[in-house]
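[1] turn this into a structure:
(chains A and B)
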Amino acid sequence: GIQVEQSPPDLILQEGANSTLRCNFSDSVNNLQWFHQNPWGQLINLFYIPSGTKQNGRLSATTVATERYSLLYISSSQTTDSGVYFCALNRDDKIIFGKGTRLHILP
Amino acid sequence: NAGVTQTPKFRILKIGQSMTLQCAQDMNHNYMYWYRQDPGMGLKLIYYSVGAGITDKGEVPNGYNVSRSTTEDFPLRLELAAPSQTSVYFCASTGRGYTGELFFGEGSRLTVL
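    This next block holds a predicted model:
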């Protein structure tokens, strides 16, 4: 089956710093989403981004489907950005998640 | 608009007991999914469905069963609970299969003792 790798697994940053999270995948996919799981366990849609670039406030994402990777950028980090970030890929009706990047933003 | 609703939110089971986790969506989505998330880990796909009457196995189906008699409901059944099934279970749905955003319920925390 398709393999999904996220890096880095853990990231600790000071408030105000910028970060880049990466999602690599092993095969072509129908679409890709980024999620944020907050400390209370809630899964929040960030971007639905099968290709191209999207921006939403301090967050932006880029997917290069031909090279099988996606990047999530977080600028001017805030403590509320803490949590786990997952990418999820849809192939042949299955939606498979990466293991996530755990982000800690220190005040 | 309720979205994806899961019940119960919390449950404690004894080894060998059975139970059903309920999932309902009111968005007329064809595609529904069940995931489990162990502490500190990612989400693993248990079962999924592409429409009423159609279900298929995901990455970790052993010990679980599902049914999809209606578009709205996708219950997950645990027949003989084991401690290894202690986890948080998430149900999700999407409307357009290959192109749709995935929406999640709030999760069901299950402990098997």
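[2] near chain A, anything from the helix-or-strand element of chain B with minimal mean pLDDT?
    Lowest mean confidence among the helices and strands of chain B (mean pLDDT, DSSP states H and E): strand B:103-104, at a mean of 92. Yes. Strand B:103-104 reaches chain A (C-beta under 8 Å from any C-beta of the partner chain) through B:103, B:104. No exception for glycine: its C-beta is placed from N, CA and C like everyone else's.
[3] quick one: end-to-end distance for stretch A:48-62.
    For stretch A:48-62, the first-to-last residue distance is 10 Å (C-alpha to C-alpha, to the nearest Å).
[4] brain fart, stretch B:71-81
    Per C-alpha to C-alpha, stretch B:71-81 runs 27 Å from first to last residue.
[5] tell me which residues are up against that stretch.
    Outside stretch B:71-81, the residues that touch it by C-beta atoms under 8 Å, 6 or more residues apart in numbering or on different chains are B:13-26, B:28-30, B:32, B:34, B:46-47, B:49, B:51-52, B:63-68, B:85, B:89, B:91, B:93, B:110, B:112.
[6] give me the buried subset of these.
    Using 16 or more other C-beta atoms under 10 Å in any protein chain shown as the burial test, the contacts of stretch B:71-81 include B:13, B:21, B:23-25, B:29-30, B:32, B:34, B:46-47, B:49, B:52, B:64, B:66-68, B:85, B:89, B:91, B:93, B:110, B:112 as buried.
[7] out of the residues you listed, which sit inside strands?
    B:13, B:21, B:23-25, B:32, B:34, B:46-47, B:49, B:64, B:66, B:89, B:91, B:93, B:110, B:112 (DSSP state E).
[8] which intervals of the chain have sub-threshold pLDDT?
    Picked chain A for this. Scanning chain A for pLDDT under 70 picks out no residues.
[9] my bad, the chain I had in mind was chain B
    Using pLDDT under 70, chain B drops low at B:1, B:96-99.
[10] what residues does it have near chain A?
    Contact residues (C-beta under 8 Å from any C-beta) of chain B with chain A: B:31, B:33, B:35, B:41-45, B:48, B:50, B:56, B:58-59, B:88, B:90, B:92, B:94, B:97-104, B:106-107.
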